[in-house]
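In: Sequence and predicted structure below; questions after.
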Amino acid sequence: MDAERLTHAEARAAAEHAARASYGHLVALLAASTGDLSLAEDALSDAFEQALLSWPSGGVPANPEGWLLTVARNRQRDTWKSASRRTSLPLEEADGNGGTAMSALDELDVDAIGDKRLELLFTCAHPAIDPAIRTPLMLQAVLGFDAARIASAFAVPAAAMAQRLVRAKKRIKAARIPFAVPGRDAMPGRLPAVLEAVYGCYALAFLDAPEGQGGDMAAEALYLAVTLAALLDSEPEAWGLAALIALSQARAPARRGPFVPLEEQDTALWDSRLMEEGASLLRRASAGGATGRFQLEAAIQAVHCERARTHATDWAALRTLYAALVAVAPSLGARVALAAVIGRAESPAAGLAELDALAVRDDPAGAAAVEHFQPFLATRAELLARAGRRREAAEAYNAAAGATPQPAVRTYLLQRAAELGP
């Protein structure tokens, strides 16, 4: 019984690893020939289900991704043809028990077929697709996040997000949108959504992974960003995104265990190879001309990484970069980060004044959203503590903890509140 449980555990672990590492690649391969995303996802889901049934008794195949791809293609053919006209091998012959079907599966090199994920990313960014659903569609169809997780990230009901995603997939099939990287003339209209999706993949992986390490999907996001930049070659923002992810992921080793704020992390734990790679990618981005959001965010990460060499944070440089970022992409997150940096470069009072300006808005709903924004609450708590306003800081830390989905971060915030007293 113990051996059987171990076999089942190993089979499930292998299937889960294949899902994390290859889901988007497999969906893209399956959908490329038909233009039917829903069919590709359903077929792959059936293949994973069959793997969980077959692998415990027959063993995990030498090439799990190739096995899944072939079984999923059989499922697609089952949909296209009647049982009497099927030309594929019966599914039972591809159950991992050996024989001709298993040998063919082991010889199938998924990577040699070509990485179709980038084609699928650009397909999802086609002008015929509603701009509001393009990035969520990529996050689900290409990068493997479920509708509920995407809905949470976009602050919409899960059911509404699921309906929008279904409509978008039907649109791709009905409009016969081609699976291809568009020409240079069509690139400007599609590239921003693609870059947002790859960055969203990294951000969601970072938030979802235990202890915030990012795991397989963070590495996948970096791979896609670098591959995309190399494909486009002369797009500075694509190189900027690759640099941003590399420099951010370089600090992942220091995020193991209890949460530690960035400026308190042990830089000896940071990945020097990734920091060097990120710096090189950023230089490539800077040589491309106009400076955009991802280049500025990468430059900000480069300043933080420079602390590994100088043992000090250049707050003045960060203030300049965040001011530029707010001018280019005035998001709430960027404005809160600028306030935090002002609080360090000037004084806690100056930073708090910036936050207060964000909270005072003509739109009551907008003001309420700011005051429930976790980074706003956490930044306010830190600046209040630095200003010596202990009671207010403790209240703000407790509020920030209540708005934090990450357990390790929540624990840290509650500890900070406790240290400041009731």
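Out: Looks like it arrived, so ask away. Residues are numbered from 1 along each chain as shown.

In: Let me see the backbone angles for the closest residue in space to residue 141 that isn't next to it in sequence.
Out: In space, not counting the residues next to it along the chain, residue 141 is nearest to residue 37; the distance is 5.3 Å by CB to CB, 6 or more residues apart in numbering. (Each C-beta comes from the backbone N, C-alpha and C, glycine too.) With angles defined as degrees, to the nearest 10, residue 37 shows backbone torsions of phi -70, psi -40.

In: Return the list of helices and strands in contact with the host helix or strand of residue 275.
Out: Following DSSP states H and E, the helix or strand that holds residue 275 is helix 272-286. Contacts of helix 272-286 with other secondary structure elements, assessed using 3 or more CB pairs under 8 Å, 6 or more residues apart in numbering; DSSP states H and E, are made with helix 215-232, helix 236-249, helix 293-305.

In: if you set the cut-off to 10 Å instead, what comes out?
Out: Secondary structure elements in contact with helix 272-286, counted by 3 or more CB pairs under 10 Å, 6 or more residues apart in numbering; DSSP states H and E, are helix 215-232, helix 236-249, helix 293-305, helix 307-310.

In: Please identify the deepest-packed of those helices.
Out: Ranked by mean neighbour count, the helices and strands packed on helix 272-286 are led by helix 236-249 with a mean of 28 (mean count of other CB atoms under 10 Å).

In: Put together JSON lines for the helices and strands packed on helix 272-286, with mean pLDDT on each row.
Out: Compiled in JSON lines, the helices and strands packed on helix 272-286 are given as follows (pLDDT from 0 to 100):
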{"stretch": "helix 215-232", "mean pLDDT": "84"}
{"stretch": "helix 236-249", "mean pLDDT": "95"}
{"stretch": "helix 293-305", "mean pLDDT": "97"}
{"stretch": "helix 307-310", "mean pLDDT": "96"}
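
In: wait, which of the ones you listed is closest to residue 277?
Out: Using CB to CB as the measure, helix 236-249 is the one of the helices and strands packed on helix 272-286 that comes nearest residue 277, at 5.0 Å.

In: what angle separates that closest one from helix 293-305?
Out: For helix 236-249 against helix 293-305, the angle between stretch directions is 30 degrees (axes from the mean of the first three to the mean of the last three CA atoms, to 10 degrees).

In: and the angle from helix 236-249 to helix 272-286?
Out: Interaxial angle of helix 236-249 relative to helix 272-286 (the same axes, to 10 degrees): 160 degrees.

In: Give me the helices and strands touching helix 236-249, please.
Out: Contact here means 3+ CB pairs under 10 Å, 6+ apart; on that basis helix 236-249 packs against helix 187-208, helix 215-232, helix 272-286, helix 293-305.

In: Can you tell me which helices and strands the second one packs against?
Out: Meaning helix 215-232. helix 2-32, helix 117-124, helix 187-208, helix 236-249, helix 272-286.
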